[in-house]
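*Asks:* Provide a 3D model corresponding to the input given below.
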Amino acid sequence: MSYEALWHRLTPIYDAGEAKAIVRWLLDVRFGLSMADILCDKMKELSKEDQKALERMMQRLESGEPIQYISGVADFFGRSFHVAPGVLIPRPETAELCEYVLSCRKSEKKILDIGTGSGCIAITLALEIPEAKVTAWDISDDALLIAQENAKALGANIAFEKRDILDTSLSTSQTWDVIVSNPPYIKPKERNGMEKNVLDYEPHLALFAPEQNPIIFYQRIGDYAWQSLNHGGQLFFELNPLTADDVESYLSNLRFSDIEIRQDQFGKQRFLKAKKI
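*Replies:* Numbering: from 1, shown residues only. Below is the predicted model of the structure:
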């Protein structure tokens, strides 16, 4: 079993560069082998049990399962987060969303993350703004459990709550200085352009919005934010570029001010900031 043989097994579904990176990541995270170790042929020193485990993982990779679920780890904002099939794998774009929030920070005391998933946004903001009180909502028990584990492992103090933003009876008694969300925003008809490893393994509950109203989560969060944000409070979204203008129009009709749409590193309309006057 050699490094070259392993990454070659993945070239039917990944290009060579990505295949090499995936195998390097797996060998490092799960077996403690650095690139120097690999070049020194230390893979041969793996125990029989480790060799069997590596083979099982390679078979999962060949089926298209994401490396983050196999390793149980995803990097986000310079930290390692535990991930499992019950939560979305944190994306670089979402790290950009956190940077956006941090670049606009004022004297936020209360922050709410809606649809927290692995907890990556809430935990990042709590650690980067230690004086803030951060609350995180999700509808999924699996996601909340994983997010709580991540918060404990990374030393973040978060109040996790099971809440459904689509519940029209949701209380607005709490108030916030910042509300941030990366809600489900992919239209079902966009499936054909998506990677198989995303479609087959990541939770559809966190990916897809209903075709008949693909901005329903933005609408409900916008409604809630208008009622519960303090004056001068800010709302931040990660967007689907296909519906960014519709979200902007909806928030404008709610009388949010200073609405700004920002592009991501790939030049797509990906983030929105709005202020409650």
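
*Asks:* For this structure, which segments are assigned as helices?
*Replies:* Assignment of helices within the chain using DSSP state H yields the ranges 3-9, 16-31, 35-39, 48-62, 67-71, 92-103, 120-128, 141-154, 196-201, 204-207, 216-228, 244-253.

*Asks:* okay, those, which one's buried deepest?
*Replies:* Comparing the helices of the chain by mean neighbour count (mean count of other Cβ atoms under 10 Å), helix 120-128 comes out on top with a mean of 25. (C-beta placed from N, C-alpha, C; glycine too.)

*Asks:* Which secondary structure elements does that helix sit against?
*Replies:* Counting contacts by 3 or more Cβ pairs under 8 Å, 6 or more residues apart in numbering; DSSP states H and E, the secondary-structure elements packed against helix 120-128 are strand 79-82, helix 92-103, strand 110-114, strand 133-138, helix 141-154, strand 158-162.

*Asks:* Keeping just the C-alphas, turn that helix into PDB.
*Replies:* The C-alpha trace of helix 120-128 is given here as PDB (Å, rounded to 0.1, in the frame of the first residue of the first chain):
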ATOM      1  CA  CYS A 120     -19.200  26.800  13.400                       C
ATOM      2  CA  ILE A 121     -20.600  30.300  13.100                       C
ATOM      3  CA  ALA A 122     -21.800  30.700  16.700                       C
ATOM      4  CA  ILE A 123     -18.600  29.200  18.200                       C
ATOM      5  CA  THR A 124     -16.400  31.300  16.000                       C
ATOM      6  CA  LEU A 125     -18.200  34.500  17.000                       C
ATOM      7  CA  ALA A 126     -18.200  33.600  20.600                       C
ATOM      8  CA  LEU A 127     -14.500  32.900  20.600                       C
ATOM      9  CA  GLU A 128     -13.600  36.000  18.600                       C
END
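
*Asks:* And it, how far out from the chain middle?
*Replies:* Its chain's C-alpha centre lies 12 Å from the corresponding centre of helix 120-128 when counted by Cα atoms, centre = their mean, to the nearest Å.
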